[in-house]
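Novice: sequence and predicted structure below; questions after.
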Amino acid sequence: MSTTTKAATNGSKASAGKNGKTTKPSNVVVPPAPKPKMRTLEDRLQCVNELKALTDKRNIFVKRRSEIREFNFGSDEHSADLIVQDQVGRKFQTRNGYLIKSLVNHLETMINEKITQIDQAILEFEV
């Protein structure tokens with residue numbers, strides 16, 4: 001006896017067995033593995049501390065965003081100063097209002113993106 005392969009109606013392969021009947025591949029459903037439970041109080045407290053660290057980080061970024069939004073730029077192009085200094089003492093300083101406003105807008109965008117990332121991490125956090 002020979003075994004032949006025919007195309008099944010669903011596009012998968014079916015084969016004829018010894019009795020000549022066509023058999024379809026079985027769809028095996030594997031249940032998801034159960035989530036491991038916290039075993040100790042220390043593990044649970046560690047998770048709480050990690051969640052607290054995320055919320056603290058979020059609060060810092062929200063505060064910084066609020067501080068940046070308080071800046072007022074007048075119509076004068078020299079209405080603000082920007083000074084950046086590194087640990088060696090080198091400085092970059094400008095009074096160019098357009099440049100400062102562009103940097104502030106970019107900083108606010110970056111802060112908003114970081115807050116969104118932290119929010120997502122908090123929502124996905126499992127204790």
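Specialist: Nice, thanks for sending it over.

Novice: count of neighbours near residue 111?
Specialist: Residues lying near residue 111 (other C-beta atoms under 10 Å) number 20. In short, each C-beta sits where N, CA and C put it, glycine included.

Novice: for it, give me its contacts.
Specialist: The neighbourhood of residue 111, defined by C-beta atoms under 8 Å, 6 or more residues apart in numbering, consists of 61, 64-65, 68.

Novice: likewise for residue 79?
Specialist: Taking C-beta under 8 Å, 6+ apart as the contact definition, residue 79 lies against 72-73, 97.

Novice: mind listing which of the contacts of residue 111 are in helices?
Specialist: Residues of the contacts of residue 111 located in helices (DSSP state H): 61, 64-65, 68.

Novice: ok, the contacts of residue 111 vs residue 123, which is closest?
Specialist: Of all those, residue 61 has the smallest distance to residue 123: 15.9 Å, by C-beta to C-beta.

Novice: quick one: pLDDT of the closest one?
Specialist: What the model reports for residue 61 is a pLDDT of 98.

Novice: thought it was touching residue 113?
Specialist: No. With contact defined as C-beta atoms under 8 Å, residue 61 and residue 113 do not form a contacting pair (9.8 Å).

Novice: show me where the protein dips below the pLDDT cut-off.
Specialist: For the chain, the stretches with pLDDT under 70 are 1-27, 35-38, 74-78.

Novice: where along it do the strands fall?
Specialist: Counting by DSSP state E, one finds strands in the chain at the ranges 5-7, 13-16, 22-23, 82-85, 91-94.
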